[in-house]
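Undergrad: Coordinates for the following, if possible.
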Amino acid sequence: MQPRSVTHQFILLRDRLKDLPRVRFHDIRHSHATQLLADGVHPKVAQERLGHSTITTTMDLYSHVTDTMQADAAARLDAAFEAAKNRQAQRPKLEDSVAISVAIAFGALTESRRM
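TA: Numbers count the residues shown, from 1 in each chain. Next up is the predicted model:
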């Protein structure tokens, strides 16, 4: 199917639907690409779906999406740091582990001397 045919058919359909805003077929393609990247789809997948020859083309055209993606990435990194900090707080400290090991060993020595 020729690109002109797709565009022509889209215009005919759009004109029949009175409530549809006057958008170009290419506007829908752009919206699709923007939504893919905003939803976290890997840029390589978006590149392939759009038929761009390189991922650079895709990212050059849709880099505006990365502003929100940067904020999301920073929030995820903060959450990962916080989770790691919480896990660390729940672990016994090295000094406590050494003290427990010494107490167990000393108790074992004391038991063996009693026998």
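Undergrad: Please make it C-alpha for all contacts and neighbour counts, starting now.
TA: OK.
Undergrad: how about the most centrally placed residue in the chain, secondary structure?
TA: By Cα atoms, centre = their mean, the chain has its centre lying nearest to Gly40, at 4.9 Å. Following DSSP: H, G, I helix; E, B strand; the rest coil, Gly40 is assigned to coil.
Undergrad: Need the per-residue pLDDT for it.
TA: Listed pLDDT for Gly40 reads 85.
Undergrad: any idea how far it is from Ala46?
TA: 10 Å (Cα to Cα, to the nearest Å).
Undergrad: Which helix or which strand is home to the closest residue to Leu20 other than its chain neighbours?
TA: Once flanking residues are discounted, Leu20 sits nearest to Arg14: 6.5 Å by Cα to Cα, 6 or more residues apart in numbering. Here Arg14, judged by DSSP states H and E, is contained in helix 3-16.
Undergrad: Wait, the residue nearest to Leu20 touches Arg22, no?
TA: Yes. Using Cα atoms under 8 Å, Arg14 is in contact with Arg22, at 7.4 Å.
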